[in-house]
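Visitor: Mind looking at a prediction? Sequence and model below.
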Amino acid sequence: MREIGRRIVPVIVVLSALLAVWYAAAFVVDAPQGALALTRPLVPQPHQVAAALIAGIFQPLGPRSLIYHAGVTASSATVGFALAFVLGIALAIGIVNVRILDRSLMPWIIASQTVPALAVAPMVVVVLGNIGLTGLIPKALIAAWLSFFPIVTSMVAGLRSPERIQLDLMRTYDAGSWDVFAQLRWPSSMGFLFPGMKVAATLAVVGAIVAELPTGAVAGLGARLLGASYYGQTLQLWAALAMASILAVIAVAAVDAGRSVLVRVRGGRL
Amino acid sequence: MVADGLSLTFGSGDERTAALDRIDLTIERGEFVSLIGPSGCGKTTLLRAIADLERPTSGTLLVNGMTPEAARRERAYGYVFQAPALYPWRNVERNVMLPLEIMGLPRAERLDRAQRNLQLVGLSDVARRFPWQLSGGMQQRVSIARALSFEPSLLLMDEPFGALDEITRDGLNLHLHELWRTTGMTTVFVTHSIPEAVYLSTRIVVMSPRPGRIVEVIDCDLGAERPLGIRDTPAFTAVGSRVRRALHGETPHA
């Protein structure tokens, strides 16, 4: 009981401080305009956002439902993350095993992340649209593009993490490179992969939302955000933002769930 | 194991260091030979050369009448490192089975051998634990069981007890001696502890640094039965002081 209290109290303190600052800001910004109960406040108060969020969640499925929009975003984020996972791990294995790939690929991988996704996203969508790919795939590709980077870098670090002594040990068994990979490098990399996957999961959500902004999409949290800001519907905007962070939290929790399964298999440590 | 004029140099140009310089040494089947000397004398390098983890620059080295590489490919030796080097994601039993999996033994055989060798090092009751749940001494015993699991003809040990406290170390020395006596396995043991070398060995090879050379090879006939108390006997002390004199560069019988 005390243990739980020790964990929860700091969270509550920080949360109340944040809420206090938020209410104060809302008051300062909105008070000169007359009232605090505006339908389109510049800075909506937390309880207004919460109400809008709950209203959006409990709508029947349709264009007004936040669950509907979150589902659209989640599906492209999930496909994007899956692509990033496969691609990222394949690239990492290549980079660790082939020296030429290390030298030739790594600079491009880093460069790919310096290009602003928001600028490239419309190009990707238009180009893919011209060859007949529309809907989920372009959005998933943009999500994958953002989220493969942390997977590659963490996996490269993880696959290189075995110490000299562990590699020497495999040599004394005359182990082939497949055994060194499967019995040593791969299991060693798991402790590195999961933190990378957490970052990648949130980036996949961000990528999916960004991809919805320029595509003229009618569905998805990105489309909802864009529409709300276009029409000055601040409550709708903030509710969609809140929904996006809930989605990211769910994504991170899913990665954590995978991690704890592995931890259990490994007797309590990763 | 035969070394003839064995030399090994690291680096090149101005940074050349002669780790081993014209080593001649023959180790017979069933012997327990310790390599002792100050750090940098090449004792670990010699062990690693026998294990084909380092390549000699010149001279010949034969292990079981083969090149070290051929011996390694035949899994002729088990190697125990300074650190246990257990894989933390495998439990004790599966750590011992690791070399057996790589060799492709059937599962029943792997389990049987793991259990047998864990029993040999007295760790049957922790087979399902994970390495981090064991003390340093127990971890090193697991790594010995792992080295023995594929029944090599040669056991190479590189300061296996160097990181352990003296009480644990005494216990493990006793244990290792019993193990050697029952298996009769040829063992090459690197250490920098004189009592440890004298207690365990049938012969002690004293080495000196820069370049790594053999100073003296000392016979150690303390008999097969070696309780820990043997360390207080005059015979034990006599061998110990011979080793000490050789280490400090005094000519023998001076």
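Guide: Looks like it arrived, so ask away.

Visitor: And the helix of greatest length in chain B, what's buried?
Guide: Using DSSP state H to define each element, chain B has its longest helix at helix B:166-183. Neighbour counts over helix B:166-183 (16 or more other C-beta atoms under 10 Å in any protein chain shown) mark B:168, B:169, B:170, B:171, B:172, B:173, B:175, B:176, B:177, B:179, B:180 as buried. The C-beta positions use only the backbone N, C-alpha and C, and glycine is treated the same way.

Visitor: Chain A versus residue B:230, what's the distance?
Guide: 32 Å (C-beta to the nearest C-beta, to the nearest Å).

Visitor: still on that earlier bit, pLDDT averaged over the longest helix of chain B - what is it?
Guide: Mean pLDDT, computed over helix B:166-183, is 90.

Visitor: by contact count, what packs against that helix?
Guide: Helix B:166-183 sits against helix B:136-148, helix B:194-200, with contacts defined as 3 or more C-beta pairs under 8 Å, 6 or more residues apart in numbering or on different chains; DSSP states H and E.

Visitor: Look at the residue positioned nearest the centre of chain B and tell me its secondary structure.
Guide: When C-alpha atoms, centre = their mean is applied to chain B, the residue found nearest the centroid is residue B:157 (2.0 Å). Following DSSP: H, G, I helix; E, B strand; the rest coil, the label given to residue B:157 is strand.

Visitor: what's across from it in the sheet?
Guide: Residue B:157 has these beta-bridge partners by DSSP bridges: residue B:80, residue B:189.

Visitor: Wait, residue B:162 touches residue B:196, no?
Guide: No - if you go by C-beta atoms under 8 Å, residue B:162 and residue B:196 don't touch, sitting 9.4 Å apart.

Visitor: quick one, which of the two is more surrounded?
Guide: When neighbours are counted by other C-beta atoms under 10 Å in any protein chain shown, residue B:162 and residue B:196 differ, and residue B:196 comes out ahead with 22 against 15.

Visitor: any idea how far the more buried one lies from residue B:141?
Guide: Residue B:196 sits 16 Å away from residue B:141, going by C-beta to C-beta, to the nearest Å.

Visitor: Now for residue B:68: which residues touch it?
Guide: Counting by C-beta atoms under 8 Å, 6 or more residues apart in numbering or on different chains, residue B:68 makes contact with B:49, B:50, B:51, B:52, B:61.

Visitor: Same question for residue A:74.
Guide: A:205, A:208, A:247.

Visitor: Quick check: of those, which lies closest to residue A:185?
Guide: residue A:205 (29.9 Å; C-beta to C-beta).

Visitor: Would you tell me what the next helix or strand after the strand or helix carrying residue A:12 is?
Guide: Here residue A:12, judged by DSSP states H and E, is contained in helix A:2-30. Using DSSP H and E, the helix or strand that follows helix A:2-30 in sequence is helix A:46-57.

Visitor: Beyond that next one, next helix or strand please.
Guide: helix A:66-97.

Visitor: now the angle from that next one to helix A:46-57?
Guide: For helix A:66-97 against helix A:46-57, the angle by axes from the mean of the first three to the mean of the last three C-alpha atoms, to 10 degrees is 90 degrees.

Visitor: got the buried residues for helix A:66-97?
Guide: Residues of helix A:66-97 classed as buried: A:66-70, A:72-74, A:76-81, A:83-85, A:87-89, A:91-93, A:95-96 (neighbour count, 16+ other C-beta under 10 Å).

Visitor: With stretch B:64-84 instead?
Guide: B:64, B:68, B:71-72, B:75-84.

Visitor: ok now that stretch, how far from the chain's centre?
Guide: Its chain's C-alpha centre and that of stretch B:64-84 lie 11 Å apart, by C-alpha atoms, centre = their mean, to the nearest Å.

Visitor: Between the two ends of that stretch, what distance do you get?
Guide: By C-alpha to C-alpha, to the nearest Å, the extent of stretch B:64-84 from end to end equals 26 Å.

Visitor: Check stretch A:175-195 too.
Guide: First-to-last residue span, stretch A:175-195, C-alpha to C-alpha: 30 Å.

Visitor: Please compute how far that stretch lies from its chain's middle.
Guide: For stretch A:175-195, the distance from its own C-alpha centre to the chain's C-alpha centre is 25 Å (C-alpha atoms, centre = their mean).
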